[in-house]
Each structure stands twice: as structure tokens, then as C-alpha cells.
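**Student:** structure for the following, please:
(chains A, B and C)
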Amino acid sequence: MSPELTNHPLIRADGSATHTTSLFTILAAVNGPIEVQRRDELPEEAAIEVNIRPCAGIGGPRERWLESVLAALLKSVLLVHAHPRTLMQVTLQVLKEPSSGVRVRRRLGDVAVLPALVNAAFAACVDAGLPLGRTVVAGLAVVREDGDGVVVDPDEKALAGCRSVHAMGFDAQGELLLNESGGQFELRQWQDVFEVLKTTAAVAIAPTGEDEAMMNGDGTPAPWLRQALEGNAREAGAWRGVG
Amino acid sequence: MASTIFLPGEQVPSEVLPRSKKGTLTLGPGLRHIPPATVLATTLGSLHIDHKKAALWLEHENGRYQPAVGDLVIAQIHHSSVDTWHCSLTPHTSLALLNQLAFESASRKNRPNLKSGDLVYARVSRCSKWDDVEIEGFNSATGKAEGMGPLKGGMAFGISPAFARRLMMGTGKDGLAKGGVVVLDEVGEKVKFEVAVGRNGRVWVDSGSVKTTITVGRLLQSADEEKWDVERQRKEVKKALRDV
Amino acid sequence: MPREQEPSTNEHDFVLSALQENLRLDSRPFQQFRPISLAFGDEYGVADVRIGKTRVLAKVSCEVTAPYTDRKFDGIFTISTELSPMGSPAFEVGRQDQTELLLSRLLEKAIRRSGALDTESLCIIAGAKCFHLRADLHVLDHDGNLVDASCLALIAALLHFRRPDVEVRGEEVTVFSIREREPVRLTIQHLPFCVTFSYYNTSSTTSAEPGIFLQDATLLEEQCRDGEIVISMNRFGEVCQIAKYGGTPVDGLSLLTCTNAALETAKRFDKLVKEKLAEDEKVKDRGGLMAELSAENERPMEPPPG
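**Tutor:** Numbering: from 1, shown residues only, chains lettered A, B, ... in the order given. Okay, here's the model as predicted:
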């Protein structure tokens, strides 16, 4: 299943996006730049606040960890120096997660949610019109129990029966911005995953040329992120009568 | 004109950059310059180029209003200090400063009496990322109000900043609204009302009757939210005016 | 401290003068709601309610725990209403503000204490094992009338939820996953709904003349009101609670009028929830587990040989 992205599902927030993968549905909302509280104020740059809210229950150490990973990533993507002494507030709501029937080992499940969070947060930041230095795409892959074979964008079954989970994020230049792994793996396996995820990330934002129609046919994966974003930009400019 | 869409971080190819005699370029919103000669997109948007002014910018529709010098805004007085009013342009952002004497023919003895919650139609006179935004209730170059000043009565409706921008675009040489919004013109042919559009996503409407004011405000909000095209706008205006 | 921005004087005065002319900004009648939509999630116990621009998502989940020692025969039911900046930047994480406090208290009174859910049915082994049912409310967009929307979402989610089936053999408890055994509905005894009335004492109103009462006020209307009354009742007109926190006084007759109006709304909500549930069940059932189970009875008789 190719990931889905819905633009601007919310009304109040400055920017928002819903992102659905085969495992998770995340709703992201961004407010900013807004007034920052004195204690969080940074003289030279914008403060980034990330709140992750689980589907059921209130956030605990797991959410705090995810928040810190995400805040660090967003800091490298957002041009924080453009709005000093302000706050960029990102709220991520998990709407759907693998059903509790599938027992996923704790740490593996924690890593698995990261790519969906990253993509949703990024799309919401784009929607909010915040200044961004680059485009980031995150992907998830698991190494199967036998230690061979990498599954990209795994489903619940693949996640439940895997040896290790890897979440990675890349920008358009292929630079690694996010790297979190869980489970047991060797360097060789990590390198395999790295290559595979790097390719998938590049595909997601590959430029669409005149042969757009051709690319979507014959099973070639579509550049889903670029298509979703460009679709939004076109729709927004529709009043001009620009095609 | 087929416009190209850029993703954040993408480079604007040097061959599309406009050439000017002076050899300088003016970069608008959504773009940044990395020396020596790289222009990068900082947001998602379609590229627009003005070859005459050697200017280029990216257009992005959503998001919070960002003040820029010269923008007309509807500010809400928050509180007053010795010589200035602290006003809010959008909720939850730091307050903009309005000098109490920055109004037409205002003096120490004779200045508008504004209280917390009052609205002012003003112009952004200074803004930088390091300082508080400053606004003024008259054109400080000419000393004339030029339509600015306190807004009494009426109703302020919320609209999206992008829609406010379209409302402010005016009419082109061909007599068509550049922003593709004809609601105000269409209504204006039938009923009398006053209007002030703030780039910060607020539009103030006042007419003699409550009903007319609501009708105008609703038309604007619906045209914004439901993205009416010109044809639809005309139709809806006709329908709405039948009841007034 | 972030707070919702107060409406400008112009807006405040305009809303009031419009009300005096019997007009609302969205040209709705005083007792009419904005368009309501109710959608259920793919999994059990998720309800997404939109009233105009307000949007609330309720999620019900459960786990097996030990019951409270003083309530050995009851399961545990908790409602969590933590507001996040998603609904409005005025909501701060980790700080309970007035809105949140009122919301959680009202839901507690309207649903938990009115006995809408039979907590005894959540008991597995008295004093040892029970279900802990928790309902999480997520306010995604805030444009007024949070209480009514939250209550509606919560009731809908409770009705939609199925808890896993259990089997008790002596001291041993087996909890079956959804795949193993068809999960069980909750025992809901009645469906209480909250209806909020915002009232305005316009300058023309005297003590003899009732003021203006609005149902389903928008955020702006809420900010301009003189007070609110929240009435919770089910479709039989049984009042679960009436709340009026502060505000100017209201005479008894107006309160009765409100109660009657609330009954109409409660009946409407009741019908809406049941209709949507039936729709959802139909969709879920198509080729689903229930179809498989019932197929056994519908198997056509084999024609006699020869």
C-alpha cells in the first residue's frame, strides 16, 4: 500500500496533515510562528515544541523520547533562524496503530511509528508555510526473522515477526537525517536497509517529468510525496486559472 | 502561464532567473539566497516571476499571516502603555506596537481614544525578525489617513490570509478583478456598505443594517472556504441579495 | 500564558445586536445545530464527531486489571479529556485550564455517574480481575460547543466498542483476541446526551421577560454570552444533570423551556447515533466475521440424490 497524505484536514491549526501508512494513521497540526513563553525563548532562533498524543491513554516516557527525536529532526529541517524568539508548535495525534492483538516488542513498536510521525509533521509544516531548508522523507523497513531479506513499509504481520526495525529519514540530496533502529542486527544488514530506504525515499520525491503517466503505470512506485504536495500547491493556486 | 512548483529546499534553476540591467534580483517570500548564486525554495509553492522588476517569489496559500512593510492590517488593541498601544494582528503572536500619535492630525492633546478590544485599520510600518512589529494609523510620508484609522461599529469577519490578499489585488487593466473575487463589487452594485480588508485575515464590514452586514460577511467567508469561482460568486450574490 | 484571544469590541457588540434582531452570524435559528457528522473508525470504539467546525474524536479501549478493593464487583471506567494545542493554541500541554476542567466534570456527571455504563458487567472475577475501560477524548478542532460534541462522541464510541470475550475456569481467565472469538458489546443502560444553552441578557430583557437562549453556540458566541446551562438527558426525558456554573441568574420558567428543548435535541442525537451505528454494522458485516458465522445456518439443503 502506498502511503497517503491528506492536506489541511483541520481548520483551527495554521497547518495540518493526515498521513496513513499500512501501520499507522497520524494527524499532525502545526501552529507557528507564535508567541513563546519566556522560559522557552531562544534569542537567535525559534523554539520547537513537539507534542505526541497516543491514541489511547496519556503520553509517557515513550512519547517523550519520540518527541525529542522529532524535535531534533525538525530543527535540522526548519529554518529556525528566520523567526527568532518565537515558537513552532507541532502536535501529533496517533489516530490508528496496529491493533493490540498483534504483540509487538516494545522498542520495535516505538521505532516503527517514527517514519509516519516524521512525514506527517513535515507535511503539516509545509502546509503551515513555515520556512524549510529541505524536504525530508522517512521510511520504515524491517529485517525478517531469518536475518535475510528487507521488507519496506511492513504490515502488522511483518512487523510482528521481524528481527529488527529501522526508521530512516533522508532529504532530497540523500543525506541521512534520521536513523533509529531497534532489535538485533549486524552492520551488514543495516547497510542493506540503508540502501533500500535511501532508494525508496528518493523515489518518493523523484521529479515528475512529462512521462508522468508512464511512471504510474507498470508497477513503478509513484513519487507519492511529491505528487501529494504538488497537488496541494496546484489546488491552492486554482483561482488563478493556472493549470 | 504554466508555473513550476517547487518543494522546500529545491534550487531555482539559474536559467529561469530573470535578468535585470542592474544585475540585481529581488527575492520575495518563499525563497532564499545562498551566496554566490544559488536560489533555494523555503516552502512549497508555485514560482512567479516579474521580469520587469526582476523579482521572483513563491506563492503559498496556507499558514499564519507574516507581517511585511506596507501591508494594510486590522489590528485589535490589547492594552495601552505610555505612548503606544499594543495590538494583536493574529491570535497568539507577540503584539505589534502602534504609536498613539500615528494618526491623521493627532497631537498630544487630540488623539483617538482607543480601549482594549477596539479595532484599528493600520499599515505595517516596520518589521524585522529581531524587533517588534510597528504599525501606523496614517501614511507617515503624507500625513494623510488614506482610509486608515479606528474602526467603529460594524463587524470583523475572519478569512484566510490568502483570500485577503486576493481581495486586495484590485482590478487589472482589463477591468477584471485580478484576485478573482467579485463578491464585493457585485454586492456593491445593489447595496451600500463600508469595507476594510486586513491582510492579517480579517475583513471589517459595516452597513446600516445588521442583516446586510451578515450577508456580506457570510458571502466572503463562504467564497473563501468553499473556493467559489467567479461564476459561482455572481450566482450566490444574486441569491443572497434577494433576501435583503 | 496562552489564552483564547478575546473578541474585539466590534464583534462583541455586533453579535449581541444581531441576536436582538433574532439573527445569528451563520443565519441559523436559535435552537438549531450546525451540520453534524458522525463517523466510526475501522476498529471498534472510535467515533469522530463534527459539529460545524468543531471536531472531537473519542476512542474507547480496555485492558484487564485488578478492581478497586472497595468496589470488588465493579469494573473500572475512566474518561480522559486532555486538551492539546491541536484544537486551539490556547490549550497548553500539561496545564489544566477551565475549559478542560468543566468538560471532564460534566462528562463525568452526565455519563459515568448517570450509570450509562453498567460497570458490574466489566467484572471478571470479583475482587481479582476486571476490565479497565478507558475513554480518551481528543479535541481536534475547537469552534465552540465542546461539551455537546464530546458527549455525543463518547456515547457513540461506547456503543461502537466491543470488548474481548473472556472465559473463566475456576481462577483461570482466558481473554480471547478479536480474531479468536467475536468480541462482546458493552452493556449500556441508557444514552444520556448533553445539550448546552448559551444565554444572553440583552438590554431589553427584564426579569419578567426571558433572555435569549442559543443551542450549539460557536466559539465567538460563547465568548460573548452571559452564561451557560448544560442539561444532560436521555431520549425518555430523564434528566441526568443540570449544570450552571456562574453567570447571571436565570428564572425557573426559562429553565423548563430549555429542558423541553433539550429533550428534542436528545431525541435527535439518539436517532442519529443509532442510525449511524446500523449503517456502520452493515458495512463492517459485508463478508466479515458475522457473515461467515451466519453462513452456517443459511447453507442450502442439498438436493436429494437421484
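
**Student:** what about the helices in the stretch 201-306 of chain C?
**Tutor:** Remark: helices assigned in the stretch 201-306 of chain C by DSSP state H, counting those that start in this stretch are C:219-224, C:252-285, C:289-298.

**Student:** could you list the low-pLDDT ranges of the stretch 101-250 of chain C?
**Tutor:** Flagging of the stretch 101-250 of chain C using pLDDT under 70 yields the residue ranges C:202-210.

**Student:** where along it do the strands fall?
**Tutor:** With DSSP state E, counting those that start in this stretch as the criterion, the stretch 101-250 of chain C has strands at C:123-125, C:129-141, C:162-163, C:166-169, C:172-175, C:184-185, C:193-200, C:212-215, C:227-233, C:239-243.

**Student:** most tightly surrounded among those strands?
**Tutor:** Comparing the strands of the stretch 101-250 of chain C by mean neighbour count (mean count of other Cβ atoms under 10 Å in any protein chain shown), strand C:193-200 ranks first with a mean of 26. (Glycine included, C-beta is placed from N, CA and C.)

**Student:** among the helices of the stretch 201-306 of chain C, which is the most enclosed?
**Tutor:** Among the helices of the stretch 201-306 of chain C, the stretch with the highest mean neighbour count (mean count of other Cβ under 10 Å) is helix C:219-224, at a mean of 19.

**Student:** what would the helices of the stretch 201-306 of chain C look like in CSV with distance to residue B:237?
**Tutor:** Shown next, in CSV, are those (distance: least, Cβ to Cβ, whole Å):
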stretch, distance to residue B:237
helix C:219-224, 24
helix C:252-285, 33
helix C:289-298, 52
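
**Student:** want to throw the ones you listed into a markdown table with distance to chain B?
**Tutor:** What follows is the helices of the stretch 201-306 of chain C, written out as a markdown table (distance: least, Cβ to the nearest Cβ, whole Å):
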| stretch | distance to chain B |
| --- | --- |
| helix C:219-224 | 9 |
| helix C:252-285 | 24 |
| helix C:289-298 | 40 |
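
**Student:** out of those, which gets nearest to residue C:6?
**Tutor:** helix C:219-224 (6.7 Å; Cβ to Cβ).

**Student:** so which elements touch that closest one?
**Tutor:** In terms of contacts (3 or more Cβ pairs under 8 Å, 6 or more residues apart in numbering or on different chains; DSSP states H and E), helix C:219-224 is packed against helix C:9-20, strand C:193-200.

**Student:** which strands and helices sit next to the first one?
**Tutor:** Using 3+ Cβ pairs under 8 Å, 6+ apart as the contact test, the elements touching helix C:9-20 are strand B:155-158, helix B:210-225, strand C:212-215, helix C:219-224.

**Student:** if you set the cut-off to 7 Å instead, what comes out?
**Tutor:** strand B:155-158, helix B:210-225, helix C:219-224 (3 or more Cβ pairs under 7 Å, 6 or more residues apart in numbering or on different chains; DSSP states H and E).

**Student:** how far off centre is whichever helix or strand comes after the longest one?
**Tutor:** When you say that, I think you mean helix B:210-225. Using DSSP states H and E, the helix or strand that follows helix B:210-225 towards the C-terminus is helix B:230-243. How far helix B:230-243 lies from its chain's middle: 24 Å, per Cα atoms, centre = their mean, to the nearest Å.

**Student:** what's the answer for stretch A:224-236, then?
**Tutor:** Centroid displacement of stretch A:224-236 relative to its chain, using Cα atoms, centre = their mean, is 16 Å.

**Student:** any residues touching that stretch, and which ones?
**Tutor:** By Cβ atoms under 7 Å, 6 or more residues apart in numbering or on different chains, the residues outside stretch A:224-236 that reach it are A:2-3, A:5, A:7, A:126, A:137, A:204-206, A:208, B:5, B:7, B:44-46, B:61.

**Student:** ok, the residues you listed vs chain C, which is closest?
**Tutor:** Checking these against chain C by Cβ to the nearest Cβ gives residue A:7 as the nearest, at 15.3 Å.

**Student:** just checking, that closest one touches residue A:127?
**Tutor:** Yes. Using Cβ atoms under 7 Å, residue A:7 is in contact with residue A:127, at 5.8 Å.

**Student:** who's in contact with residue C:52?
**Tutor:** Contacts for residue C:52 (Cβ under 7 Å, 6+ apart) come out as C:34-35, C:143, C:218.

**Student:** minimum distance to chain B: which of the strands of the stretch 101-250 of chain C has it?
**Tutor:** Closest approach to chain B among the strands of the stretch 101-250 of chain C is made by strand C:129-141 (13.4 Å; Cβ to the nearest Cβ).

**Student:** alright, I will stop here.
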